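# Have a look at this fold, sequence not included:
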Ligand code: 5GP
């Protein structure tokens, strides 16, 4: 891949605040762009197709996978599939801009393996209780799925050391500043 942009991978447990911190990062550094992932999970109220995710049926996802459309893809809780679209990543990096991915930890490791120059940033919740509170408050999933996400989140918290940077989301403002500082430092000079 010939580009000068940096590939940033923001990872961590569901509920740690990855999405919020990425929004804060983009508000401060609008030259960065997020690659919109594909998923087979149901759309939540307020989510927009093509903006939050490219929502796909199981069949569409399987077809896309066969066609080699994914940079990485995983099966997450409740059998839902998520995948980074190769065309999104190359489109963004091809313009010389930096690209941000928001993925769970398995996908983050796959990206780093494939592209060692990628910068991986793990967003950690200050405590597990806090993570549980955020996941439960969001309450867009069923009780069973929240339980599944929590069990996975507990395991994912231990994976923080696998990544280049760890940002503790103790306060959105502070954590966002730290993320911006990392992005500024790690952005390759064009
Ligand atoms: P949610 O259903 O809450 O939107 O996402 C569930 C998890 O999947 C989150 O941790 C999110 O970061 C992750 N995720 C979203 N898109 C992708 C993707 O393209 N690849 C991978 N590996 N994980 C993703």
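Yes, it's here. This one's a predicted model, so the numbers in the text were calculated from it and none came from an experiment.

# which parts of the chain sit against the ligand?
By CB under 6 Å from any ligand atom, the part of the chain that sits against the ligand consists of 14, 18, 37, 41, 72, 74, 76, 82-84, 102-104, 107. Backbone N, C-alpha and C define where each C-beta goes, glycine included.

# Quick one: mark the members of those residues that sit in helices.
18, 107 (DSSP state H).

# Redo the residues of the chain next to the ligand as a markdown table? Include pLDDT and neighbour count.
Output for the residues of the chain next to the ligand, formatted as a markdown table (pLDDT from 0 to 100; neighbours: other CB atoms under 10 Å):
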| residue | pLDDT | neighbour count |
| --- | --- | --- |
| 14 | 86 | 21 |
| 18 | 96 | 22 |
| 37 | 98 | 21 |
| 41 | 96 | 18 |
| 72 | 98 | 23 |
| 74 | 98 | 16 |
| 76 | 92 | 19 |
| 82 | 98 | 22 |
| 83 | 98 | 23 |
| 84 | 98 | 24 |
| 102 | 98 | 22 |
| 103 | 98 | 26 |
| 104 | 95 | 20 |
| 107 | 98 | 23 |
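
# with the residues of the chain next to the ligand in mind, which one is nearest to the ligand?
Comparing these against the ligand with CB to the nearest ligand atom picks out residue 107 as the nearest, at 2.2 Å.

# Does the residue nearest to residue 106 when sequence neighbours are not counted have any beta-bridge partners, and if so which?
Among residues not flanking residue 106 along the chain, residue 74 sits closest, at 5.1 Å (CB to CB, 6 or more residues apart in numbering). For residue 74, the beta-bridge partners are residue 82 (DSSP bridges).

# give the contact list for residue 74.
Neighbour list for residue 74: 81-83, 103-104, 106-107, 110 [criterion: CB atoms under 8 Å, 6 or more residues apart in numbering].

# Three-state assignment for the spatially closest residue to residue 99 that is not a sequence neighbour, please.
Once flanking residues are discounted, residue 99 sits nearest to residue 92: 4.0 Å by CB to CB, 6+ apart. Under DSSP: H, G, I helix; E, B strand; the rest coil, the three-state class of residue 92 is helix.

# same check, this time on residue 111
helix.

# got a pLDDT number for it?
In the prediction, the pLDDT value recorded for residue 111 is 98.

# cool, and residue 180?
pLDDT, residue 180: 98.

# before we move on, what about the one 10 residues further on?
pLDDT for residue 190: 49.
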